[in-house]
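Fold the stuff below for me.
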Amino acid sequence: MTDSSPIMLSAKETSTSSPVPGEPQRSLTAIVARNSAFVLGSQAVLKVLAFLFNVYVVRRLGDVHFGQYSAVMAYVAIFAIFTDWGMAPYAVREMAEDHRRTSWLLPNIVAIRLVLSLIIAVVAPLSAFWLGKGHEMALGVAIASAGLLIYAFQGPLDSALTARERLDYTATFSLISQLVFWSLGVLLLVRGMGFIGLLIASLSGVAVIAVLSGWALFKMGIGRLVLSVRLWPKLLLNALPFGISDIAYILMQRFDTVLMSFLLTDAAVGWYNVPYTLITMILLIAQSVAIAMYPSMVRGYQTAPQSLRDVTQRSIKYLLLVCLPLVVGGTILADRIIIMLYKNEFVNSVPVLQLMLWALPSLFLLELLGRVANTLHLERKAARINVINAGITLLLDLVLIPTLGLTGGALAWVIGRAVRLFQFWFLIGHDRLIGREWGPLLRVVLAAVLMGGAVFLLRNANLFLCIGCGALIYGGLLVALRAIDRNELRFLLRLLLRRGKLEKAT
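Just a heads-up that it's a prediction; the model follows:
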């Protein structure tokens, strides 16, 4: 999947953030198009394969063992945030502004993360055993925690490639890593290793992507690496606002599962995490667009601040255009989807999915708004918002999960994300985001509602026929209501399917 087209940057071109003399400066649209095409193209493949693998894993493990696997991953995720300390988003922004910073940011961030990961690799499994999680769960936590040492290399290397806007590499390596995870995971599951085998397979995939990312980055040439312990306090201090945001974000994401693992049964944790996994897979769409846009937004805002508003307005519309039909249609068909994929063993996941889907609009837009806030250097205020929202979400979890169980967790999830979206919207400012351009967004909402009515009438038909008809009706409504014009439709089609032509056009 490596591309040798003229638009690709050579090592010389990526060694600095300034344009090469004599060459026309690439437009922001062209770079976003290229990066989105690579990321979305690979994610289209990844999502299909990940979806099939997820269904296989859930069916193979069953509700109890899948619940244990989910609990281990959530538990380690909370510890893992202290190994990154917010250095990933900080490094992407700093290296995107000036590529020469890579030579000293990369080695020092890797070293800091290694030290922190060693500490967590000891503390996390001991705490799990002390809290009475049992030998198998403690072993799972130990394996996942040891894997943080691999992430100490993979994370910074990925940040460096992202900052250089080489998402063609990151997307390709992600695909290879997932293939390793899936193939080894199936093998170890068949051999009866359960969720422990899945953990080993996952870390193997991370190791592969770390090696490939290092090869690609050093092939480009990043200058002489400078490792200095004296820089560590400054790095930790500068990254702290991002770290606070990350800590708050992970607590919002995974505290509910950890709490359920103590209050509810392992099977209930599994029922809850099946919809959660489906939602996070859908969220990859928004993450792909936001990741592709972020380094270009940073660079574009420095040279042409007005470009940020144009890109943000269009992106909000496109993100809602994608997520709203999934919310409406998914709510109507949730029971049939869950039973078809995971059988009656997971029927208790249906109401959880129906509730969680309504967090998608907030989740989609937050992927964008969080990066817009970083571009505007509002990370300290964003950190404050994330801390406040984490407190709100944790309070909702502590109140609703003991009283309402799975439903309470899903309600807390939706309410917490809606509050966070409102906070970020207020922080960035309505004029920067939408201004008076409400008409196109309202037409997208109307198209989704009308499509939902059609899907409701067809809900007893064949599931795939119902989904296909809903998609066709929605597309027709978007055009009929002029929620999207022909130029935008051509732009999206080229973005997804015709990368080469789009690059030439822009």
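
Please make it C-alpha for all contacts and neighbour counts, starting now.
Will do.

Could you find the closest non-adjacent residue to the residue nearest to the spatial centre of the chain?
Among the residues of the chain, the smallest C-alpha distance to the mean C-alpha position (C-alpha atoms, centre = their mean) belongs to Q287, namely 4.5 Å. Computed as C-alpha to C-alpha, 6 or more residues apart in numbering, the closest residue to Q287 that is not its neighbour in sequence is E367, at 6.1 Å.

Can you tell me the SS state at the one you found?
Taken by DSSP: H, G, I helix; E, B strand; the rest coil, the conformation at E367 corresponds to helix.

That one and A290 touch, don't they?
Yes. The pair E367 / A290 is scored as a contact, 6.1 Å apart, by C-alpha atoms under 8 Å.

Which of these two has more residues huddled nearby?
Legend: neighbour count by other C-alpha atoms under 10 Å for E367 and A290, higher for A290 (25 against 21).

so which helix or strand takes in that one?
Secondary-structure element containing A290, defined by DSSP states H and E: helix 266-303.

swap in A144?
Secondary-structure assignment from DSSP H and E places A144 in helix 134-146.

cool, L341 as well?
L341 is located in helix 306-342, with elements delineated by DSSP H and E.

Give me the helices and strands touching the helix or strand following that helix, please.
Under the assignment DSSP H and E, the closest C-terminal helix or strand after helix 306-342 is helix 350-356. In this structure, helix 350-356 makes packing contacts with helix 266-303, helix 306-342, helix 406-428, judged by 3 or more C-alpha pairs under 8 Å, 6 or more residues apart in numbering; DSSP states H and E.

With mean pLDDT added, can I get the ones you listed in TSV?
As requested, those are arranged in TSV below (pLDDT from 0 to 100):
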stretch	mean pLDDT
helix 266-303	79
helix 306-342	85
helix 406-428	91
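
does G132 sit in a helix, a strand or a coil?
Each residue gets one of three states, and G132 gets coil by three-state DSSP.

Ramachandran coordinates for it?
Backbone geometry at G132, expressed as degrees, to the nearest 10, gives phi 80, psi 30.

shaky segments in the protein?
When the per-residue scores of the chain are filtered using pLDDT under 70, the ranges that remain are 1-47, 167, 291-305, 307, 435-437, 485-506.

run the last query once more with 50
Within the chain, the ranges that satisfy pLDDT under 50 run 1-26, 34, 495-506.

tally of neighbours for the nearest residue to F153 once chain neighbours are set aside?
In space, F153 comes closest to V110 once its chain neighbours are excluded; the distance is 5.7 Å by C-alpha to C-alpha, 6+ apart. By the criterion of other C-alpha under 10 Å, V110 has 21 neighbours.

and what of R371?
R371 has 22 neighbours, counted by other C-alpha under 10 Å.

What of Y318?
Neighbour tally, Y318, other C-alpha under 10 Å: 18.

S245 now?
25.

check contacts around it.
Under the criterion of C-alpha atoms under 8 Å, 6 or more residues apart in numbering, the contact partners of S245 comprise G86, A382, A383, R384, N386, V387.

Would you reformat those as TSV and include secondary structure, distance to T257 and neighbour count?
Shown next, in TSV, are those (DSSP: H, G, I helix; E, B strand; the rest coil; distance: C-alpha to C-alpha, whole Å; neighbours: other C-alpha atoms under 10 Å):
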residue	secondary structure	distance to T257	neighbour count
G86	coil	23	23
A382	helix	25	23
A383	helix	23	21
R384	helix	24	15
N386	helix	19	24
V387	helix	19	20
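
Minimum distance to S70: which of the helices and strands packed on helix 350-356 has it?
Put simply, out of the helices and strands packed on helix 350-356 the one that sits nearest S70 is helix 266-303, at 6.8 Å, with distance taken as C-alpha to C-alpha.

any idea how far N386 is from D335?
In this view, D335 and N386 are 33 Å apart by C-alpha to C-alpha, to the nearest Å.

Likewise for L189?
Counting by C-alpha to C-alpha, the gap from L189 to N386 is 38 Å.

you'd agree R432 is up against R314?
No. Because the distance of 11.9 Å does not satisfy C-alpha under 8 Å, R432 is recorded as not touching R314.

what's the neighbour count on V399?
15.

in what helix or strand does it lie?
For V399, the enclosing helix or strand under DSSP H and E is helix 379-404.

That helix versus helix 406-428: what angle between them?
With axes from the mean of the first three to the mean of the last three C-alpha atoms, to 10 degrees applied, the angle from helix 379-404 to helix 406-428 works out at 160 degrees.

picking that back up, now distance to A163 too, for the contacts of S245, in CSV please.
Written out in CSV, the entries for the contacts of S245 read as follows (distance: C-alpha to C-alpha, whole Å):
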residue, distance to A163
G86, 15
A382, 21
A383, 22
R384, 25
N386, 24
V387, 26
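
Now do the residue nearest to A412 when sequence neighbours are not counted: how many residues are near it, please.
Taking C-alpha to C-alpha, 6+ apart, and ignoring the residues beside it in sequence, A412 has L396 as its nearest neighbour in space, at 5.3 Å. Counted with other C-alpha under 10 Å, the neighbours of L396 add up to 19.

just the one 10 residues further on next, same as before
Summarising burial for L406: neighbours were counted as other C-alpha under 10 Å, giving 25.

before we move on, what about I120?
Around I120 there are 22 other residues, counting by other C-alpha under 10 Å.

Also P325?
Applying other C-alpha under 10 Å, we find 22 other residues in the vicinity of P325.

Grab the nearest non-local neighbour of it.
A448 (5.2 Å).

Report the contact partners of the one you found.
Neighbouring residues of A448 by C-alpha under 8 Å, 6+ apart: L324, P325, V328, Y474.

G452 is in contact with the third one, correct?
Yes. With contact defined as C-alpha under 8 Å, V328 reaches G452; the gap is 5.7 Å.

neighbour count winner among the two?
Neighbour totals were compared for V328 and G452, and G452 leads with 24 against 21 (other C-alpha under 10 Å).

For the more buried one, give me its contacts.
With C-alpha under 8 Å, 6+ apart, G452 has these contacts: P325, V328, G329, I332, G470.

Now with 6 Å, please.
Neighbouring residues of G452 by C-alpha atoms under 6 Å, 6 or more residues apart in numbering: V328, G329.

any idea how far it is from P275?
Distance from G452 to P275, by C-alpha to C-alpha: 20 Å.

now do R371
Distance from R371 to P275, by C-alpha to C-alpha: 26 Å.

With V72 instead?
On the measure of C-alpha to C-alpha, V72 and P275 end up 17 Å apart.

The two - which one has more neighbours?
Using other C-alpha under 10 Å as the criterion, V72 and P275 rank with V72 on top: 28 against 24.

who's in contact with that one?
For V72, the contacting residues are V141, by C-alpha under 6 Å, 6+ apart.

Before I go, just wanted to say thanks for your time.
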